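Asks: with the sequence up front, the predicted model follows.
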Amino acid sequence: QVPLVESGGGLVQAGGSLRLSCAASGRTFMRLAMGWFRQAPGKEREFVAAITWSGGNTIYADSVKGRFIMSRENDKNTVYLQMNSLKPEDTAVYYCAADPGSITTISTRYEYWGQGTQVTVSS
């Protein structure tokens, strides 16, 4: 098990920024690819961003590319999602997830999930 706890969500106006954090427990964190997903009301969960265990490679959904930045600090067992130029359509519950395999956009490949943090962007 790899318990994951997200934080940093909240209410922000369009054009604003938020930084989400995801803290993990366990010694295996360094070996895990990590991802962020989100789910808006009435919609399916969708991929947002992912990062390799080393932090050397990241991938992003087209909808957030150029606005969101994912990073990690392995010595703190934490990953981050810096969200800039937020739009009302970014409103969702954001989840972090851990994948023992390689970096991927596919949610079913991720074995461990956090409880989520709400992000609301007002227009």
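Replies: Perfect, I can see it now. Numbering: from 1, shown residues only.

Asks: OK, contacts around the residue lying farthest from the centre of the chain?
Replies: Largest separation from the mean C-alpha position in the chain: S123, at 22.5 Å (CA atoms, centre = their mean). Listed by CB atoms under 8 Å, 6 or more residues apart in numbering, the contact set of S123 reads A14, P88. For glycine as for every other residue, the C-beta is placed from the backbone atoms N, C-alpha and C.

Asks: relative to S63, how far out is it?
Replies: To S63, S123 is 17 Å away according to CB to CB, to the nearest Å.

Asks: likewise A40?
Replies: From A40 over to S63 the distance is 11 Å, taken as CB to CB.

Asks: state the distance from the spatially most central residue of the chain to G114.
Replies: The residue lying closest to the centre of the chain (CA atoms, centre = their mean) is W36, at 2.5 Å. Here the criterion is CB to CB. By it, W36 lies 10 Å from G114.

Asks: between those two, which contacts overlap?
Replies: The contact sets of W36 and G114 overlap at C22, Y95, C96, A97 (CB under 8 Å, 6+ apart).

Asks: check the secondary structure at the first one for me.
Replies: Per DSSP: H, G, I helix; E, B strand; the rest coil, the secondary structure class of C22 is strand.

Asks: low pLDDT regions in this protein?
Replies: For the chain, applying pLDDT under 70 flags the ranges 27.

Asks: how about 50 then?
Replies: The chain contains no residues with pLDDT under 50.

Asks: what segments of the chain are strands?
Replies: With strands called from DSSP state E, the chain shows them at 4-7, 10-13, 18-24, 33-39, 46-51, 58-60, 68-73, 78-83, 92-99, 112-113, 117-122.

Asks: so which of those strands gets nearest T105?
Replies: Ranking those by proximity to T105 (CB to CB) places strand 46-51 first, at 4.3 Å.

Asks: just how off-centre is the closest one within its chain?
Replies: Offset of strand 46-51 from its chain centre (CA atoms, centre = their mean, to the nearest Å): 6 Å.

Asks: run through the neighbouring helices and strands of it.
Replies: Secondary structure elements in contact with strand 46-51, counted by 3 or more CB pairs under 8 Å, 6 or more residues apart in numbering; DSSP states H and E, are strand 33-39, strand 58-60, strand 68-73, strand 78-83.
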